[in-house]
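Asker: let's see this in three dimensions:
(one chain, ligands or ions: 2)
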Amino acid sequence: KQAAYAALRDVEPFTKDGERVTIMVNAGLRDDVPMLNLTGADGIGLFRTEFQFLVSATLPQRDRQTKLYRDVLEAAGDKPVVFRTVDIGGDKSLPYLRRQDDGHDDENPAMGWRALRLALGREGLMKAQARSLLEAAGGRTLNVMFPMVSEPWEFDAAKAVFEKQLEFLKARRKMLPEQIRYGAMLEVPALAEVLDVLAPKLSFLSIGTNDLTQFLFAADRANPKLAERYDWLSPAIMRFMRRVMQSLTGHKIDVTVCGEMGGRRLEALALIGLGIRRLSITPASVGPIKEMVRQIDTAEIAQAMDRWLNEPVADLRAAMIAWAEERGI
Ligand code: PEP
Ligand code: MG
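Answerer: Ligands and ions are numbered 1, 2, ... in the order given. Next up, the predicted model:
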């Protein structure tokens with residue numbers, strides 16, 4: 001199997017009916033970047049910038065952040081990299097940040113003072129990261145996205161921090177990015193209800209299904225007792241995703257799924273059936289997903305998904321396994 005996947009490295013993932021599926025990888029360290037060429041992925045769809053903060057004993061200063069982002073862009077070459085601004089707080093808490101905090105501990109860290117909420121609340125931190133990303137991407141495209149956006153104004157506020165730093169760099173005649181593409185992560189269900197408001201502001205949307213499903217099912221993603229209880233291939237999640245895709249029709253934005261489910265064959269198949277054409281996944285999954293993509297017909301899976309979701313089958317996973325086996329997928 002491994003050899004078969006390796007042979008697919010330079011093969012583009014087209015479906016049987018000629019749809020190109022973009023397959024990117026998730027990363028967080030400088031050393032993850034060689035995975036791009038080893039797997040033949042189309043880019044880094046999610047670069048988790050908080051990793052640098054988590055492995056540091058003190059807050060990474062601007063020059064260290066800039067260096068990391070520049071190294072990553074350089075190593076990625078022509079392939080795009082999507083940087084996510086820090087998702088810290090909650091369970092990824094930093095001792096050196098806590099010291100300056102108000103001493104309050106989150107009772108529900110996943111739903112607490114984390115990610116963009118924390119970044120907007122600590123403007124110095126967000127400003128430093130914005131400046132680092134803008135400087136590192138001088139002369140190139142900067143793709144940046146914000147985690148845990150819950151309402152459109154949070155996206156506006158985060159973008160404003162970047163635009164202000166851009167003005168600052170302009171005034172100092174620094175080299176600026178050629179283009180800046182701003183995106184939001186859809187991880188909080190409430191945001192799905194106002195996508196019509198948010199979408200016109202976005203270049204892209206990235207659906208973080210790890211957090212999204214934990215909030216949809218009110219089930220802690222890190223609790224092993226709950227890990228097997230709710231299926232990603234449940235009608236509830238799939239209908240939710242279908243509605244998201246429907247509410248984005250007519251908006252010209254890239255939609256990516258960057259949660260772990262996109263790296264599993266049946267789950268990815270279901271997502272493609274709902275119209276998703278971009279996945280960002282763990283590097284080890286690139287081969288298996290590429291192989292699956294080349295075996296399917298998007299019109300056929302779209303039709304099947306509609307049938308299964310309109311009158312939900314009792315066991316969607318079982319139905320999909322049977323469907324895939326019939327077709328030798
Ligand atoms: C997600 O929530 O699906 C996601 C991609 O982000 P993280 O796993 O880093 O929370
Ligand atoms: Mg998340």
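
Asker: not counting its neighbours along the chain, what's nearest residue 35?
Answerer: residue 283 (4.1 Å; Cβ to Cβ, 6 or more residues apart in numbering). Every C-beta, even on glycine, is put in place using the N, C-alpha and C of the backbone.

Asker: what count of nearby residues applies to the one you found?
Answerer: 18 (other Cβ atoms under 10 Å).

Asker: give me the distance between residue 295 and residue 286.
Answerer: Here residue 295 is placed at a distance of 15 Å from residue 286 (Cβ to Cβ, to the nearest Å).

Asker: quick one: which of those two has more around it?
Answerer: Counting neighbours by other Cβ under 10 Å for residue 295 and for residue 286 shows that residue 286 has the greater number, 26 against 14.

Asker: the more buried one belongs to a strand?
Answerer: No - checked against DSSP: H, G, I helix; E, B strand; the rest coil, residue 286 lies outside a strand; its state is helix.

Asker: ok, it to residue 314 distance?
Answerer: Distance, residue 286 to residue 314, by Cβ to Cβ: 33 Å.

Asker: what does residue 149 give?
Answerer: 35 Å.

Asker: mind giving me the packing neighbours of the longest helix along the chain?
Answerer: Counting residues, the longest helix in the chain under DSSP state H turns out to be helix 152-171. Contact here means 3 or more Cβ pairs under 8 Å, 6 or more residues apart in numbering; DSSP states H and E; on that basis helix 152-171 packs against helix 115-121, helix 123-136, strand 141-146, strand 179-186, helix 195-198.

Asker: residues contacting the closest residue to residue 59 other than its chain neighbours?
Answerer: Using Cβ to Cβ, 6+ apart and skipping the chain neighbours, the partner closest in space to residue 59 is residue 96 (5.8 Å). Contacts for residue 96 were tallied using Cβ atoms under 8 Å, 6 or more residues apart in numbering; they are 57-59.

Asker: just say helix, strand or coil for residue 299.
Answerer: With three-state DSSP as the basis, residue 299 sits in helix.

Asker: not counting its neighbours along the chain, what's nearest it?
Answerer: Take residue 299 and drop its neighbours on the chain: the residue closest to it by Cβ to Cβ, 6+ apart is residue 17, 6.1 Å away.

Asker: where does pLDDT dip in the stretch 51-200 of the chain?
Answerer: Scanning the stretch 51-200 of the chain with the threshold set as pLDDT under 70 gives 98-103.

Asker: tell me which residue in it sits closest to ligand 2.
Answerer: Minimum separation of the stretch 51-200 of the chain from ligand 2 (Cβ to the ion) falls at residue 187, amounting to 4.9 Å.

Asker: show me the shaky parts of the stretch 201-329 of the chain.
Answerer: Where the stretch 201-329 of the chain is concerned, nothing drops into low confidence, which here means pLDDT under 70.

Asker: all strands of it, in order?
Answerer: Taking DSSP state E, counting those that start in this stretch to define them, one finds strands in the stretch 201-329 of the chain at 204-207, 254-257, 278-281.

Asker: could I get these as a markdown table with distance to residue 227 and mean neighbour count?
Answerer: Putting the strands of the stretch 201-329 of the chain into a markdown table (distance: least, Cβ to Cβ, whole Å; neighbours: other Cβ atoms under 10 Å) gives the following:
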| stretch | distance to residue 227 | mean neighbour count |
| --- | --- | --- |
| strand 204-207 | 20 | 23 |
| strand 254-257 | 19 | 23 |
| strand 278-281 | 19 | 26 |
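
Asker: can you list the ones you listed in CSV and add distance to ligand 2?
Answerer: Formatted as CSV, these follow (distance: least, Cβ to the ion, whole Å):
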stretch, distance to ligand 2
strand 204-207, 10
strand 254-257, 12
strand 278-281, 12
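
Asker: in TSV, list those strands along with distance to residue 301.
Answerer: Formatted as TSV, the strands of the stretch 201-329 of the chain follow (distance: least, Cβ to Cβ, whole Å):
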stretch	distance to residue 301
strand 204-207	18
strand 254-257	15
strand 278-281	14
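
Asker: and the helices and strands packed on helix 152-171 as JSON lines, adding mean neighbour count?
Answerer: Supplementary listing: the helices and strands packed on helix 152-171 in JSON lines, determined by neighbours: other Cβ atoms under 10 Å:
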{"stretch": "helix 115-121", "mean neighbour count": "22"}
{"stretch": "helix 123-136", "mean neighbour count": "20"}
{"stretch": "strand 141-146", "mean neighbour count": "24"}
{"stretch": "strand 179-186", "mean neighbour count": "21"}
{"stretch": "helix 195-198", "mean neighbour count": "17"}
